[in-house]
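> Next one to model:
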Amino acid sequence: AVMATCGPYLSRTANGSQLLAGVAKVDVTDRTAGPVNDPLYVKALVMKSGSTTVVLITVDAVAIGEIGRITNDYLPTVRAELQKELAVPPTNVVINASHCHCVVYTDLAEKTIEAVKSAAADLAPVTVGAGVGHEDRVMENRRMKLLSGREADVRHAYSFPPDEDVAAIGPVDPEIGLLRLDREDGRTLAVVYNFACHPIQGAPSGGNTADMMGFASRVLEEGFGDGAIALFVQGCAGDINPAGYKVVAQPRNAEHLGNMLGISALAAAKRIETARNSQLAIVHEELPLPRADWAARIAAMEEEQVRLLNSLRGTTLNLKTFLPLAVRYGLSDTFPSDYSYRYMHEEKLGRSDLQRLDDRNRRDMQQYIRNISIMEELTRVQANLALLKKHQAENVAAGRSTVDTEVVGLRVGEFRWITFPGELSAQIGLNIKEASPHPLTFVSGYTNGYLYYTPTAEQLKNPGGAQEDCDCLVAPSWQALFESKAAEVLKRL
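Residues are numbered from 1 along each chain as shown. Sure, this is the predicted structure:
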């Protein structure tokens, strides 16, 4: 059975030890699930210094349990097997999902254990170095602050709010966190890189893909050569989309964005100077977080749903008649129904038939557009209401007021890393970095389980206008508890 941890767990290297590392990757693409655009991998980095062994696993998958192909028994199964086969404590096994929306093998646990055992069998002395890269062209914050005080997000599940309603957008984190491990002969063994962006751009072929992070990793591995392996650890990407996510004038292609990220990461990683540093420490803590009670919000959104439905009004137009009118009145606001001389001719004769036609058409178009806007808002409310109802039922069925989470802190040389299972909003990662006493601190969600979205307390005040504040299990007070725990763990690293 997997070792249970009742309190904080700390494993730290002894002084004078040599840092050893081994790395491996295994293809986990399910080629029976449809067309394949590019391969998916599970990658393992095993690090050992003195009596401390840490296993870092990255998977091209949407989540470590709960959603997607990976089941909830994956994490405990892998940990139990690695404890049995390699004597690695379960608390020292850290697994991060890239969050790409792809399809992996059903026997992923077996493939994961294979990768770890391969890496562990090839441990060698390494030098290490950490650094920071920068990339701000490939992502965008998907939450829009509206003039009404509410917020909306950018999804394919519903449309944008009107441009004139948008007042501001949220932050992004352009940092690329980097850890480089070199063999003693100077050849790079592995690069761990951390960045915050939903890898959901896809490929023009529609095939299974590791998305932008798969392409970025390929750039790094080819750039370093000599069998180097790049391990991507997803950051605080809860409210971060790839740039151009809603573009409709050209195919959505993650390769372009991934190549840009990979080139920026490669350039920064090449500048890192590695040195002997045996510092290897891991802190593992259980953090119970309060479950939310969404009953009042659900009731309010159901009322909003009814209000929107009842606000729809009849209109003589349908799509077939609206579109030609929209084009005509868009081309000429003054003389939309005929040439200008016809309007002047009517005016000389004392008639205003065309003017009255225009007045009527404009009223009908305004009503049609109003109905469309209401239906767009109704779609947003219904999509997010369904998420709230799902998580309210889940919280009630749990029979307890808290949900258990794992917070892990890892130190390798001067590289510090905090992990959490939820889809963290970008601002939370920025907060933790700013508060950290260590300059090279990085943060990841999507690690050691999956907790759905974990937005900021401020974002959770938003009444159902965005996925992040509805696809959520936890109450607003969760943020302060997590940020406090992260600060505590970082001090111990």
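
> Distance of the spatially closest residue to Ile200 that is not a sequence neighbour relative to Arg69?
Closest residue to Ile200 apart from its sequence neighbours, by Cβ to Cβ, 6 or more residues apart in numbering: His101 at 5.5 Å. Every C-beta, even on glycine, is put in place using the N, C-alpha and C of the backbone. From His101 over to Arg69 the distance is 11 Å, taken as Cβ to Cβ, to the nearest Å.

> List the buried residues of stretch 143-150.
Arg143, Met144, Lys145, Leu146, Arg150 (16 or more other Cβ atoms under 10 Å).

> Contact partners for the first one?
For Arg143, the contacting residues are Glu151, Ala152, Asp153, Val154, Ile169, Gly170, Asp239, Gln459, Ala466, Glu468, by Cβ atoms under 8 Å, 6 or more residues apart in numbering.

> and if we set it to 7 Å?
Glu151, Asp153, Ile169, Gly170, Asp239, Ala466 (Cβ atoms under 7 Å, 6 or more residues apart in numbering).

> Quick check: the gap between it and Val166.
10 Å.

> Where does Leu45 sit: helix, strand or coil?
Of the three states, Leu45 takes strand according to DSSP: H, G, I helix; E, B strand; the rest coil.

> count of neighbours near it?
Neighbour count for Leu45, taken as other Cβ atoms under 10 Å: 27.

> Double-check it against Leu231; I have them as touching.
Yes. Contact criterion Cβ atoms under 7 Å: Leu45 and Leu231 qualify, at 5.8 Å.

> which residues are in contact with both of the two?
Common neighbours of Leu45 and Leu231 (Cβ under 7 Å, 6+ apart) are Leu56, Ala190, Val192.

> between the residues you listed, which is closest to Ile113?
Leu56 (14.5 Å; Cβ to Cβ).

> For the closest one, give me its contacts.
Contacts of Leu56 by Cβ under 7 Å, 6+ apart are Leu45, Val94, Val192, Leu231.

> again, but for Glu221
Here Glu221 is in contact with Ala228, Ile229, Ala230 (criterion: Cβ under 7 Å, 6+ apart).

> Show me just the buried residues among those.
Applying 16+ other Cβ under 10 Å to these flags Ala228, Ile229, Ala230 as buried.

> Filter those down to just the ones in strands.
Ile229, Ala230 (DSSP state E).

> can the buried residues of stretch 143-150 go into CSV with extra columns for distance to Thr334?
Listed next are the buried residues of stretch 143-150 as CSV, based on distance: Cβ to Cβ, whole Å:
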residue, distance to Thr334
Arg143, 40
Met144, 34
Lys145, 36
Leu146, 33
Arg150, 37
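
> Sort out for me which of these are in strands.
Arg143, Met144, Lys145, Leu146.

> which pair in the residues you listed spans the largest distance?
Arg143 and Leu146 (10.0 Å).

> the strands in the stretch 1-150 of the chain, which residues?
9-12, 20-27, 41-49, 52-59, 93-97, 124-134, 139-141, 143-146 (DSSP state E, counting those that start in this stretch).

> Could you tell me the angle between the second one and strand 124-134?
This points to strand 20-27. Orientation check (axes from the mean of the first three to the mean of the last three Cα atoms, to 10 degrees): strand 20-27 against strand 124-134 gives 70 degrees.
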